[in-house]
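Undergrad: only the shape, not the letters, is given here:
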């Protein structure tokens, strides 16, 4: 059974390890604030947040934004079925010639945050819509499975790839939220305010006996 992960961007959902200074993805511009919690099949303190990825200069670049890095708590040993890995986010590019695409990096680290390692970094094939916040279906087909050892953590970084080479400033926005009853469906068309998510093709769980690094705070709503 697949495990669905949710992105927790509330100020109280900071991971107990911070790898924001050691990003795993092949990001050319931008930086992430303190690492946030990527939770398993549950939503923590609810929040809706829009992160902006801003590209400058005349090169095609990948850009990560504040609240761009998410890390699970320590996990039980598991072989990740990455061939069916998928994710859904609502995105919007400010202008049609921004040529922006959802970009996600996936990797892992040891329980204490050491040895952060990139498995792959993939840009979505469908350009982000310019007219509204529209769902984008990101997939990572044909990736090899990977076995996490006991206590290791999964890392997911979210940003945008801009493939235009105009010497200008371009902006793409991505909605990070976990405060809705429903999740985004698997399509490239939905505009409803539903939860973004990330899913592998297998069941995995937080490591037995490991304390869950979750701090509860006030509820926020997204409109």
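TA: Sure, I can see it. Note that the structure is predicted; figures quoted are calculated from it, not measured.

Undergrad: among the helices and strands of this structure, which has the poorest mean pLDDT?
TA: In the chain, the helix or strand scored least confidently by mean pLDDT, DSSP states H and E is strand 78-80, which has a mean of 91.

Undergrad: who's in contact with it?
TA: 145, 146, 147, 148, 154, 200, 202, 203, 204 (Cβ atoms under 8 Å, 6 or more residues apart in numbering). Backbone N, C-alpha and C define where each C-beta goes, glycine included.

Undergrad: which stretches of this structure aren't confidently modelled?
TA: 1, 209-223 (pLDDT under 70).

Undergrad: the spatially most central residue of the chain is in what secondary structure piece?
TA: In the chain, the residue lying closest to the centroid (Cα atoms, centre = their mean) is residue 158, at 4.0 Å. Using DSSP states H and E, residue 158 sits within strand 153-162.

Undergrad: check the offset of that strand from the chain's centre.
TA: 5 Å (Cα atoms, centre = their mean, to the nearest Å).

Undergrad: just stretch 51-64 next, same as before
TA: 17 Å.

Undergrad: how about it: buried residues?
TA: 51, 53, 54, 55, 61, 62, 63, 64 (16 or more other Cβ atoms under 10 Å).

Undergrad: right, and residue 76 touches residue 203 too?
TA: No. Judged on Cβ atoms under 8 Å, residue 76 makes no contact with residue 203 at a distance of 9.9 Å.

Undergrad: partners of residue 53 in the sheet?
TA: Applying DSSP bridges to residue 53 yields these beta-bridge partners: residue 172.
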